[in-house]
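Enquirer: build me a model from this:
(2 chains)
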Amino acid sequence: MRLLLVEDSRRLQTWVGTGLRRAGYAVDIASDGIQGLRLAQAHTYDVVVLDLMLPGLDGFEILKRLRDSGGEAHVLILTARDTVEDKVRGFGLGADDYLIKPFAFEELLARIQSLVRRRHGRKNPRITIGPLSVDTASRRAFLGETPLVLTAREYALLEYLALRRGAVVSRIDIETHLYEGKAEPTSNVVESAVAALRRRIDVEGATSLIETRRGEGYILRGPGQ
Amino acid sequence: MKSIQRTLQLRLLGALLLVLGGAGLGLFVLLQHLLVRSFDQGLAAKARVLAGMVQVARGQIEPEFDEAKLPEFERQHEPEYFELRTSDGKVHSRSKSLQGATLTGPDMDRGLRGNKATTFWDLRLPDHRRGRAVVLLFLPRIKDNDLGVPPPLMLLVGRNRESLDEAFRSVLLALGLVGGVLLLLIPALISVVARRGLRPLRDLADRAGQIDARTLSARFPISDLPRELLPICQRLNDLLDRVSTSMARERRFSADAAHELRTPLAELRTIADVSLAQDGLGPDMTAALQDIRSSAVQLDRVVSTLLALARCEAGQQMVNLQTVSLSEAIRDVVRPFEVAARSRGLTVTSGSGEAMVQADRALLVAIITNLFSNAVAYTPDGGRIAWSLAETPDRTILRLENTNPGLVSADLVHVFEPFWRRDAARTGGEHVGVGLALVAAYTQLMGAEATVSLPNAATVAFDLRLPRSVPDQ
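Expert: Numbers count the residues shown, from 1 in each chain, chains lettered A, B, ... in the order given. Sure, this is the predicted structure:
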């Protein structure tokens, strides 16, 4: 999942960014309104975390222009402004969630996760594919009843495939949503990540849950689906 | 209440009725005068015709009334009358219709004194009809070139005046009809005109009525405005400009203050949260990060309360009064505090009963939360907390009692002041004493009242008096 954090406080950039990356998200950071709007319009983000009081362009204006230009990313406003008027204005301009600073980091994570689920049209936090189940609320995966030990990156890849279960996900998609655009076109970072994930989730000797479509990408589906 | 429209309507109606009444009366008098004059001219002409038939020969008056030409003086039914008199008043001759009666009367004598050629008067005719008569003073013709001055003579002619009265009645009827129609039309007309004329004023009032703290950006349109209302609207617009500028400044200040205070708090808290989630922290590091987080959380509570207080003082706190269940609000709020109270060995006694009050639900919950939080924080270990509801005819009273931590009656005046604490060292800094200040501010906004008292030396009692909700009829 790829997020954009538009925030002018350097410390919040660092620490919210660190926390989100550790949770397995690819995070781009903008430190002023103009850069924030440019990034939000240039890339397809799953969620934009937007501060309101920003140098350059304030959050409301970014939100308005983003929506006017057809931007569909889910937007979570993260701000110190706590009045009902501000909240109403934010939602009126097309925000999907509103969290007031200071906040518990866990709550921010849970809200972002909920927005990601909604982006993929799901309400149930638990996704089941054959013997595999992914709990997007607790961010854990299970094989049968056994919890799987996954790194945050591996989990993020699994969740991304699970949210689009049964559909082909291209390598480019995975790169842009999970790797902050750092991957070189020729690099095999996605291939090796998929290989690592297969080792974790596949039962010895059985067909892999992640099928490779040559030249197209990957598809996660249960046996017989 | 005074109404410009009603006053205007009444005055216009009064003035119009006066003008129309005067005009009607004047018209009637004029028409009456014209009718009488034309009637009198006919009467005088008849008299002159008769006078032309009188001549004097050798001192003798010789009337030559041609009976055939004057049938109106002969007939039985509604005849006319004449008399010929000498200047000393002696009757020389009279029409048959008079049958010995006379046309003279006091009105004639009064008129003759003016010495005019003709004098008219009203009288009762011999057949008892109302009539009008004329007396013509004239010099008769002298017959056969007879020399000498002829004696002046008087010729009286009387005639039925019913046709004249009939004309009067017709005029009166016509005027009455027109007047009646106008009486019906005028009030309706005035009402429509006044309503139309006052429409700009009503529009202005409607516009002004729609302005509140949220719609301060609205302005009164200046173009197409009647000249009389222009200065009012300009002044109102100026006033709105100033009010909205100052409101915007206040709002910006409190938004800036919130941002500047909350952003570093958010940083602190996020650093602590994210660092605590990391594996491999030693116990010392974990404890330190947890303390940082607690301090940030506590500081946030204080900042939030202070910002809320500032908003109350700047008049920016919206209050939405509605019917709220006080008992339900208390039950919702108390539950989490009961856990904290139990862990400190406090006895909590709950009240019973249902009570509906007029309040803003969010503000009410904040008030009750602060009152209970205060009670749980300050009641000494092993003490007791009790709440109960009571009702007076117009108020519902929530009483919250707890064991006295050491307040004396002199302290009570300070309890609702911000940052006041009985003993700063005792509570360990969890409470900084702004909660009750917010309670005071919120109760005031809702038209409620909060007081503190010491029913006995061992008990502190807070009373929250809220307006009772009036049940729908």
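
Enquirer: would you mind listing what in chain A touches chain B?
Expert: Residues of chain A lying close to chain B (CB under 8 Å from any CB of the partner chain) are A:9, A:11-12, A:15-16, A:18-19, A:22, A:53, A:79-85, A:100-106. (Glycine included, C-beta is placed from N, CA and C.)

Enquirer: do that again at 10 Å, thanks
Expert: Contact residues, chain A versus chain B (CB under 10 Å from any CB of the partner chain): A:7-20, A:22-23, A:51-53, A:78-86, A:100-109.

Enquirer: buried ones among these?
Expert: With burial judged by 16 or more other CB atoms under 10 Å in any protein chain shown, the buried subset of the residues of chain A next to chain B is A:7-9, A:12-20, A:23, A:51-53, A:78-83, A:86, A:100-103, A:105, A:108-109.

Enquirer: which neighbouring elements make contact with the helix or strand hosting residue B:245?
Expert: In this assignment (DSSP states H and E), residue B:245 forms part of helix B:230-276. On a contact count with 3 or more CB pairs under 10 Å, 6 or more residues apart in numbering or on different chains; DSSP states H and E, helix B:230-276 meets helix A:10-22, strand A:74-79, helix A:84-92, strand A:97-100, helix A:105-119, helix B:199-209, helix B:283-313.

Enquirer: switch the cut-off to 8 Å
Expert: The helices and strands touching helix B:230-276, judged by 3 or more CB pairs under 8 Å, 6 or more residues apart in numbering or on different chains; DSSP states H and E, are helix A:10-22, helix A:105-119, helix B:199-209, helix B:283-313.

Enquirer: give me the contact list for the helix or strand bottoming out on mean pLDDT in chain B.
Expert: The helix or strand of chain B with the poorest confidence is helix B:106-112; it has a mean of 75 (mean pLDDT, DSSP states H and E). Helix B:106-112 is contacted by residues B:119, B:120, B:121, B:122, B:123, B:133, B:135, B:156 when judged by CB atoms under 8 Å, 6 or more residues apart in numbering or on different chains.

Enquirer: repeat that for stretch A:102-110.
Expert: By CB under 8 Å, 6+ apart, stretch A:102-110 touches A:16, A:19-20, A:23, A:49, A:76, A:78, A:99, A:137, B:262, B:265-266, B:268-270, B:273-274, B:277, B:296-297, B:300.

Enquirer: chain center to it, what's the gap?
Expert: Distance, stretch centre to chain centre, for stretch A:102-110: 15 Å (CA atoms, centre = their mean, to the nearest Å).

Enquirer: where's residue B:74 relative to chain A, distance?
Expert: 107 Å (CB to the nearest CB, to the nearest Å).

Enquirer: just the angle between the helix holding residue B:245 and helix B:283-313, please?
Expert: 170 degrees (axes from the mean of the first three to the mean of the last three CA atoms, to 10 degrees).

Enquirer: PyMOL command for the buried members of the contacts of stretch A:102-110?
Expert: The following PyMOL line selects those of the contacts of stretch A:102-110 that are buried, judged by 16+ other CB under 10 Å:
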select buried, (chain A and resi 16+19+20+23+49+76+78+99) or (chain B and resi 262+265+266+268+269+270+273+274+277+296+300)
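
Enquirer: the bottom helix or strand of chain A by mean pLDDT?
Expert: Result, chain A / mean pLDDT, DSSP H and E: helix A:171-178, a mean of 81.

Enquirer: residue B:26: neighbour count?
Expert: Residues lying near residue B:26 (other CB atoms under 10 Å in any protein chain shown) number 10.

Enquirer: returning to that earlier point: tell me what the least confident helix or strand of chain A is packed against?
Expert: Counting by 3+ CB pairs under 8 Å, 6+ apart, helix A:171-178 packs on strand A:2-6, helix A:152-163, helix A:189-201, strand A:217-220.

Enquirer: so where's the chain shaky on pLDDT?
Expert: Going with chain A. A:180-186, A:223-225 (pLDDT under 70).

Enquirer: switch to chain B, please.
Expert: Checking chain B against pLDDT under 70 turns up B:144-148, B:213-214, B:422-432, B:471-473.

Enquirer: around chain A, pick out the residues from it.
Expert: B:214, B:255, B:258-259, B:261-263, B:265-271, B:273-274, B:277-278, B:296-297, B:300, B:304, B:307, B:311, B:316, B:318.

Enquirer: still on that earlier bit, tabulate the helices and strands packed on helix B:230-276 in a markdown table, adding columns for distance to residue B:184.
Expert: Conversion of the helices and strands packed on helix B:230-276 to a markdown table gives the following (distance: least, CB to CB, whole Å):
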| stretch | distance to residue B:184 |
| --- | --- |
| helix A:10-22 | 80 |
| helix A:105-119 | 71 |
| helix B:199-209 | 24 |
| helix B:283-313 | 60 |
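
Enquirer: who wins for proximity to residue B:8 among the ones you listed?
Expert: The closest of those to residue B:8 is helix B:199-209. By CB to CB, the value is 10.8 Å.

Enquirer: any buried residues in the closest one, and which?
Expert: residue B:204.

Enquirer: list of residues touching that helix?
Expert: Residues outside helix B:199-209 that contact it (CB under 8 Å, 6+ apart) are B:4, B:218, B:220, B:225, B:226, B:229, B:232, B:233, B:236.

Enquirer: determine which two of these are furthest apart.
Expert: Pairwise distances across the contacts of helix B:199-209 (CB to CB) peak at 24.1 Å, for the pair B:4 and B:218.
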